[in-house]
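Q: need a structure here:
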Amino acid sequence: APRAAPNLLLAHAAQQVPPAAKSQEPVEIITDTGHPLILVVEDNAHLREYIRGELGPTCRTVVAGDGAAGLEKALQLIPDLIISDVMMPNLSGLELCRAIKTDQRTSHIPVILLTARQSDAHQVEGYSAGADVYIPKPFNMEVVVACVNSLLESRRRMRELYRQLSANGQKTAEEHKDPA
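A: A predicted model of the protein is given here:
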């Protein structure tokens, strides 16, 4: 079956569900199964659960209903990747992205922004905030999954390279820099 239908469902769900009010979200216990941990930050409950479900059994997912809860979970759990809406209560996705990318503990985490804001200026704003990928809504979930897989594989290869360099006693890229 073609994947275009979810796009219509996503657009419809976004129109039908009012933004979630801020709530005290329970702390989730995450066990390390060797699968990557993805944090989904989205104020639309139906869309949040749809994304979580589509990521499937190859990822562990944690969700947050607004940017403030997302930042708290990101700092607590240090996920492998974050998928976030842009327009949310309490802390926007842009503010969340800036906070993630400027904190040494989380600056390495790839961030995918999903948004109804589609203009070139908004995309520039998203990338300037540190987003790795900026996807306009309604989106094709296959594109989101492909971006997730690509970013995770890129990070995996980078970790492996640094592991090999460390094991061989070779200098890392940081050690190669000239002291200025």
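Q: Please work out the average pLDDT along stretch 164-180.
A: For stretch 164-180, mean pLDDT is 68.
Q: List the contacts of Gly98.
A: One thing to correct before we go on: residue 98 is Arg, not Gly. Ala129, Gly130 (Cβ atoms under 8 Å, 6 or more residues apart in numbering). For every residue, glycine as well, the C-beta is placed using N, CA and C.
Q: Go again with 6 Å.
A: Ala129 (Cβ atoms under 6 Å, 6 or more residues apart in numbering).
Q: Now name the helix or strand holding it.
A: In this structure, Arg98 is located in helix 93-102 according to DSSP states H and E.
Q: Which SSE is immediately downstream of that helix?
A: Helix 93-102 is succeeded, C-terminally, by strand 111-115 (DSSP H and E).
Q: Pull the distance from that following strand to the chain's centre.
A: 7 Å (Cα atoms, centre = their mean, to the nearest Å).
Q: Tell me which strands it pairs with, and in which orientation.
A: Partner strands and pairing direction for strand 111-115 (DSSP bridges) are strand 81-85 (parallel), strand 133-136 (parallel).
Q: so where is this structure shaky, pLDDT-wise?
A: 1-33, 170-180 (pLDDT under 70).
Q: For it, which segments count as helices?
A: In the chain, the segments counted as helices under DSSP state H are 4-16, 45-55, 67-77, 93-102, 120-128, 141-167, 173-176.
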